[in-house]
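1. Just to be clear, the model below is a prediction. Sequence and coordinates:
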Amino acid sequence: MAPRRAQFQTKIKLLSGGYVKPDAFPNGEITVFPWDTNIDDWLAARLKKGSQNMVLYDLCAQLCDLGTCPLDSFVIGDVNTVLLVARSLRYASHVEYEARCPACSSREMASIKVPDELGRVGEKGPEYQGFDEIVLPDCQDVVHVKPLTVRDERFISERDEVSKALMTDHIMHILMPIVGINGGKPDSWEQALLWFNAISPQDATYLESMENQLYPHLDTEIPHRCDKCGAEFKHMLDFSQEFFRRSLKPGKGAAMATDVRPGNEQQKPGGSAERPAG
């Protein structure tokens, strides 16, 4: 009669290696608890409160043992991993989804074992120093970027009207990971934006692409071949209404339309013109 959370919990390796709080994640590992009816009820009650801005991060804290690591310090890619693994524990380590062929619109039910059958992107090793280096191909600027944390997302979500007028959420998600440019650090968002708007379109695209490749996360683009027409396509397993249903039957369970990948959070923008420390 041991509690379900104790019986069916699992220990996984964080793709970030747990570098933000090594003592909380020995060997880069974290304990994940199964997503069950208690979590369904918690989520439903949380959604009734209205604001969905930070609900996925609060949900993550319900589904794993963060130990001495504050939720705000947790890496966004690790949030994704915890949610996917916890959800999969409900179905014998598999996540079910419906894939739709973009060529002929036929649909098929599928499942994938999590995390084993998902690709690992931007995984960090024990030697990781907290940032990655990007050299922009045109201007040759050397940019140091870090993985976004829940604190960063909270800052974006809660920033004020002055900051909203300065830049979009999309631009802020590109600039937020930057911790250094050519050995220095922008003193304000205005300065960071001035630099970003001065680099070439190719460099701007390259910077965003490399940030997406370097942040540690599971690859949720699942390749498929349509049984009906033979077309090849990829299904994005994101944190949408489909993911949060109790089953794949319409009308069941809590529904959301939120994705916690950096740059895809459907949250209201928000801080001041000063860049946050760290």
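-> The structure has been received and is ready for your questions. Quantities reported herein were computed from a predicted structural model and do not represent experimental measurements.
2. For residue 181, list each beta-bridge partner.
-> residue 143, residue 184 (DSSP bridges).
3. who are the neighbours in contact with it?
-> Applying C-beta atoms under 8 Å, 6 or more residues apart in numbering to residue 181 gives the contacts 141, 142, 143, 144, 195. C-beta coordinates here come from the backbone N, C-alpha and C atoms, glycine included.
4. ok, 10 Å please
-> 136, 141, 142, 143, 144, 145, 191, 192, 195, 196 (C-beta atoms under 10 Å, 6 or more residues apart in numbering).
5. Mind checking which of those residues land in helices?
-> Among these, the ones falling in helices (DSSP state H) are 191, 192, 195, 196.
6. Any of those buried? List them.
-> Neighbour counting with 16 or more other C-beta atoms under 10 Å marks 192, 195, 196 as buried within the ones in helices among the contacts of residue 181.
7. Mind pulling up the pLDDT for the second one?
-> It refers to residue 195. pLDDT, residue 195: 97.
8. wait, isn't residue 99 in contact with residue 228?
-> No. With contact defined as C-beta atoms under 10 Å, residue 99 does not count as touching residue 228 (11.6 Å).
9. Of the contacts of residue 181, which is the nearest to residue 74?
-> Distance to residue 74 across the contacts of residue 181 (C-beta to C-beta) is lowest for residue 145, with 17.8 Å.
10. which residues touch the closest one?
-> Residue 145 neighbours (C-beta under 10 Å, 6+ apart): 131-134, 174-181, 207, 210-211, 214-215.
11. can you rerun that using 8 Å?
-> So residue 145 contacts 131, 132, 134, 177, 178, 179, 210, 211, 214 (C-beta under 8 Å, 6+ apart).
12. Let me see the contact set for the closest residue to it other than its chain neighbours.
-> Of all residues not flanking residue 145 in the chain, residue 177 sits nearest, at 4.1 Å (C-beta to C-beta, 6 or more residues apart in numbering). By C-beta under 8 Å, 6+ apart, residue 177 lies in contact with 145, 146, 147, 148, 152, 211, 215, 262.
13. Distance of residue 177 relative to residue 113?
-> Shown here: residue 177 relative to residue 113, a distance of 30 Å by C-beta to C-beta, to the nearest Å.
14. now do residue 231
-> For residue 231 relative to residue 113 (C-beta to C-beta), the value is 24 Å.
15. Now residue 152. Nearest residue, chain neighbours left out?
-> residue 176 is the one closest to residue 152 (C-beta to C-beta, 6+ apart), at 5.2 Å.
16. cool, and residue 192?
-> Closest residue to residue 192 apart from its sequence neighbours, by C-beta to C-beta, 6+ apart: residue 186 at 3.9 Å.
17. Need phi/psi at that neighbour.
-> For residue 186, the backbone dihedrals are phi -60, psi 140 (criterion: degrees, to the nearest 10).
18. who's in contact with the closest residue to residue 231 other than its chain neighbours?
-> Excluding the flanking residues, the one nearest residue 231 by C-beta to C-beta, 6+ apart is residue 103, at 3.7 Å. Residues near residue 103 by C-beta under 8 Å, 6+ apart: 226, 229, 231, 233.
19. and residue 103, what element?
-> Residue 103 belongs to no helix or strand when assigned by DSSP states H and E.
20. how much space between it and residue 62?
-> Distance of residue 103 to residue 62, computed by C-beta to C-beta: 40 Å.
21. can you give me the strands for this structure?
-> All strands of the chain, identified by DSSP state E, fall at 10-13, 29-32, 94-100, 107-113, 119-121, 132-135, 142-145, 178-181, 217-219, 221-225, 232-236.
22. Next, the angle from the third one to strand 221-225.
-> Read it as strand 94-100. Strand 94-100 runs at 60 degrees relative to strand 221-225, counting by axes from the mean of the first three to the mean of the last three C-alpha atoms, to 10 degrees.
23. Next: the last one.
-> Relative orientation of strand 232-236 and strand 221-225, computed by the same axes, to 10 degrees: 150 degrees.
24. What strands line up against strand 232-236, and which way round?
-> strand 221-225 (antiparallel).
25. Now do the helices in this structure.
-> Taking DSSP H to define them, one finds helices in the chain at 4-7, 37-48, 55-62, 76-89, 150-158, 161-166, 169-175, 189-198, 201-214, 241-244.
26. mind checking which of the ones you listed is nearest residue 126?
-> In terms of C-beta to C-beta, the element of the helices of the chain nearest to residue 126 is helix 76-89, at 15.9 Å.
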